[in-house]
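1. I need the structure of the sequence given here:
(chains A and B)
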Amino acid sequence: MHNKTIAELATVLQQGEVSSVELTQHFIDRIEKLDAGLNAFITVTPEAALQAAKAADARIKAGEAAPLTGVPIAHKDIFCTSGVRTSCGSRMLDNFVAPYDATVVERFRAAGAVMVGKTNMDEFAMGSSNETSFYGPVKNPWDTERVPGGSSGGSAAAVAARLAPGATGTDTGGSIRQPAALCGITGLKPTYGRVSRWGMIAFASSLDQGGPMARTAEDCAIMLGAMAGFDERDSTSIERPVDDYVGALNTDIAGLKIGLPKEYFGEGLDPDVARAIEAAIDEYKKLGAEVVEISLPNTHLAVPAYYVVAPAECSSNLSRFDGVRYGYRCEDPKDLVDLYTRSRGEGFGAEVKRRIMIGTYALSAGYYDAYYLKAQKIRRLISDDFRKAFEQVDVIMGPSSPSTAFKVGEKADDPVTMYLSDIYTIAANLAGLPGMSVPAGEVGGLPVGLQIIGNYFDEARLLNVAHRFQQVTDWHSHAPRGFE
Amino acid sequence: MEWETVIGLEIHAQLATKSKIFSGASTAYGAEPNTQACAIDLGLPGVLPVLNAEAVRMAVKLGLAIGATISSRSVFARKNYFYPDLPKGYQISQFELPVVGLGSLEIELEDGSTKTIGVTRAHLEEDAGKSLHEDFAGMTGIDLNRAGTPLLEIVSEPDMRSAKEAVAYMKKLHALVRYLEICDGNMQEGSFRCDANVSVRPKGQHKFGTRCEIKNLNSFRFVERAIDYEVERQIDIIEGGGSIVQETRLYDPDKGETRSMRSKEEANDYRYFPDPDLLPLDIDEAFIDKVRATLPELPDEKKHRFMTHYGLSAYDAGVLTASREMGDFYEAVVQACGGNAKLAANWVMGDFSAFLNKENRDVTEAPVTADMLGQLLQRIEDNTISGKIAKDVFEAMWNGEGTADEVIESKGLKQITDTGAIVAICDKVIAENPAQVEQYRAGKDKLIGFFVGQVMKESKGKANPGQVNAILTEKLKGG
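-> Model (predicted):
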């Protein structure tokens, strides 16, 4: 049952072959049995899940089921869930229970999906390996000595290990696509503004975007259909109808123009990963796609610009965690400054503090123009690169990550090397474009992800392009050993 | 040496919206602490601000009223600093691109001349909460009801040259925001407060002196006193060979002095940057036109109309248009009394205002309505009562004894115009005062006043003074 996709589960649920209660219990049992070795979940909610499953069964019986009704899913612990702790992977929010649901959570609830728990993540989504979580690192199901990627590492590991058929993630610089690649699943970061950020704890507001993580493009299409849409509570969400993502699948892609940016295949890319990506591109050629080399000349500026903009925004976004109203507060503060410095000093981990300091510096008087404003200009240059590219091609393809999953601890003490593992994903966030990662091969028994970047609001095309690939390949259905 | 004072004001007007600037929580004043603060006002994780369109409308209204440019695009920025009553650790404000650009306001000086004060800009921002340092046994309480209340910060050019000018400007702006109904102007509750930037320079010098900013002045009197104190302090320092340190100062109304709060070196680096949670605010011509259509008659226009239409002096017109309510009341009285604009002005500015002031009441709270006052004035006009008796009738009306006609009737105050009755009283007075009659006839004309007084006294003020005068003059001449 756990090897079925969301689409398949929807069918068996609606045909009455299995009840949501049975299905939910099955996944809860798997989490109990298998998660100890992975640490993909921060919180598991079996009772609430079974209750929701019961309601879903009633809804199915009444003939009022939506595609997700009765399907178990997990939420990244960055989405606020009414009555269930939302920790954001931080000691700071270890005791925080929101009195509201994030819009994304609300929409899944309305669709009848059953939340089984909240997944582990890098602290405040700052990390590419899931090693910065207050709740300990997540292990990659393909090799538990390796990282699952981050920051949505818990969601990626949970889906790869078949502990949940789908999970939500968020992507600020690659946090959906890179772990999806490293765990061999399919993940989509939508266009900025497509999915409401309300109730999603902010890391870098102008870059953050929630999206689906599942095993197939079809499942991502089903999930995105539930998540996407205008939300008047988020001023940056865009008032624009949601496409029929599932309906757009199976569109012929003969004549599709694929751009391969030469900058995505240069130095720093693992040659084995490069070969896997090239093989995937060959599959597309067989499907009738045309491949052209393109250039995104400002690619090398993406990581530096990102590490100004994202920390700048986070330094301000995380100011609210001050020990005054909620969250972690130090013991016996002797005065206000002591309350602030110790609550924040003890409540935040090292990577979060590093980024707050970088961001505070970048916004300081006298440095603002040199760093923040300059980074914003680079952002425009990067957007222009893409705009020009999309005059030529329909989608852009390349690797999601320069290597396969690396060992736990391998890059933990070297932030810059760690930051470079997002070198291919960050540009899409800076430009606000949608991007996907699709399982496209294996190197040494570890998955490789193909990244597909589309034009603004072109999610339907992206999902179809990924879906067509998954109809002629089976990388997406490979299960890590021990989790089949 | 002769010194010149240079003053610029930053005025914070709390906008009279029903809900907060970025959330749906109520802005009503005086609720139990933290009962009007929602998840957004509390700065809980994951919540987002959504701009209240009403606050924008009000800002544009002010901009149009001071002839300012309205920015087609303005940007909300975060002002970052830590304080327990600032829930998010930043205040959402506007920095580089404010909603209202350069405008101006005309003030009247004591000598009757006018002066134009430039308004640099006005921008929208949210208020913080309140820290309560009393009643918590060494701890601090925090009330976030005020957090997120919309403010319009109106920044003037350094165009004022005395505390009096500063007060005149502040009063003018105070009247204006109330005319526009964008701020209740309640200074005790902090709805209208001011920071003053003050510096001095030798008269004739072009360059500005080093300024100090005096924070949080919440009455006209405090503004005047604080500036006067500060000017004297600065001159003393400079004349004593010292120099002014740029700093933020606090006015202590009990001691009547300003004291240092923090120097420029200690000033926060607010690390302003555009708020990524809010899109730039785009305002098009159609929106501006819609707001323009809602503008009421502005104080200066109304004053001018009162002068030309009612023939009032500049001074009278100024007093009667000081607030929209006063102007409305005056015009209602003119109509109710049948059109004697001058008489209405005298009464509204005289007895009516005196009673209001004595009881510290607002025009709208007066027990005497415009219709009641109008009827009283009609009774003066048609000689039912004299102006002097009218004052007594007015007081009775104020005290709730009824309308003018009811008071005149019940107290029997109707003026005696029956010539026979007046002649009888005059004869009596003349008969009782032979000595004065003799003096009058000997040429002491001024004594006519004495006789009139006696007749009025005898008639309990009810005799028509004109008739009394004529009859007495006639009778005293003869003999």
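2. next, B:Thr116: secondary structure please.
-> strand (DSSP: H, G, I helix; E, B strand; the rest coil).
3. kindly report the domain assignment for the chain.
-> Reading this off chain A. Domain segmentation of chain A under automatic domain parsing yields A:6-252+A:467-477, A:300-378.
4. oops, chain B please
-> B:3-290, B:299-411, B:419-477.
5. can you put those domains in CSV and add distance to chain A and mean pLDDT?
-> Placement of C-beta: from N, CA and C, glycine included. Formatted as CSV, the domains of chain B follow (distance: least, C-beta to the nearest C-beta, whole Å; pLDDT from 0 to 100):
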stretch, distance to chain A, mean pLDDT
domain B:3-290, 2, 95
domain B:299-411, 35, 93
domain B:419-477, 70, 87
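6. circling back: for the domains of chain A, give me CSV that also has mean neighbour count, distance to chain B and mean pLDDT.
-> Listed next are the domains of chain A as CSV, based on neighbours: other C-beta atoms under 10 Å in any protein chain shown; distance: least, C-beta to the nearest C-beta, whole Å; pLDDT from 0 to 100:
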stretch, mean neighbour count, distance to chain B, mean pLDDT
domain A:6-252+A:467-477, 24, 4, 98
domain A:300-378, 19, 2, 97
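7. redo those domains as a markdown table? Include distance to A:Ile423.
-> Converted to a markdown table, the domains of chain A look like this (distance: least, C-beta to C-beta, whole Å):
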| stretch | distance to A:Ile423 |
| --- | --- |
| domain A:6-252+A:467-477 | 9 |
| domain A:300-378 | 6 |
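8. can you redo the domains of chain B as CSV with mean neighbour count?
-> What follows is these, written out as CSV (neighbours: other C-beta atoms under 10 Å in any protein chain shown):
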stretch, mean neighbour count
domain B:3-290, 18
domain B:299-411, 18
domain B:419-477, 15
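9. residue contacts, the spatially closest residue to B:Gly141 that is not a sequence neighbour?
-> Nearest residue to B:Gly141, sequence neighbours excluded (C-beta to C-beta, 6 or more residues apart in numbering or on different chains): B:Leu132, at 3.9 Å. By C-beta atoms under 8 Å, 6 or more residues apart in numbering or on different chains, the contact list for B:Leu132 reads B:33, B:140-143.
10. spatially, which two of the residues you listed are the most separated?
-> With C-beta to C-beta as the measure, no two of these lie farther apart than B:Pro33 and B:Thr140, at 12.4 Å.
11. state the distance from the residue nearest to B:Gly141 to A:Lys61.
-> 56 Å (C-beta to C-beta, to the nearest Å).
12. got it, and B:Val155?
-> In terms of C-beta to C-beta, B:Val155 sits 65 Å off from A:Lys61.
13. check A:Pro46 too.
-> When A:Pro46 is compared with A:Lys61 (using C-beta to C-beta), they lie 22 Å apart.
14. what of B:Lys61?
-> 57 Å.
15. so after the strand or helix carrying B:Leu124, what's the next helix or strand?
-> Applying DSSP states H and E as the criterion places B:Leu124 in strand B:114-126. Using DSSP H and E, the helix or strand that follows strand B:114-126 in sequence is strand B:130-132.
16. strands along the stretch 51-200 of chain A, start to end?
-> A:72-76, A:114-119, A:166-170, A:186-189 (DSSP state E, counting those that start in this stretch).
17. how about the ones you listed in JSON lines, adding distance to A:Asn39?
-> Shown next, in JSON lines, are the strands of the stretch 51-200 of chain A (distance: least, C-beta to C-beta, whole Å):
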{"stretch": "strand A:72-76", "distance to A:Asn39": "13"}
{"stretch": "strand A:114-119", "distance to A:Asn39": "10"}
{"stretch": "strand A:166-170", "distance to A:Asn39": "15"}
{"stretch": "strand A:186-189", "distance to A:Asn39": "19"}
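18. so which of these gets nearest B:Cys212?
-> Here strand A:166-170 is closest among these (C-beta to C-beta), at 47.6 Å.
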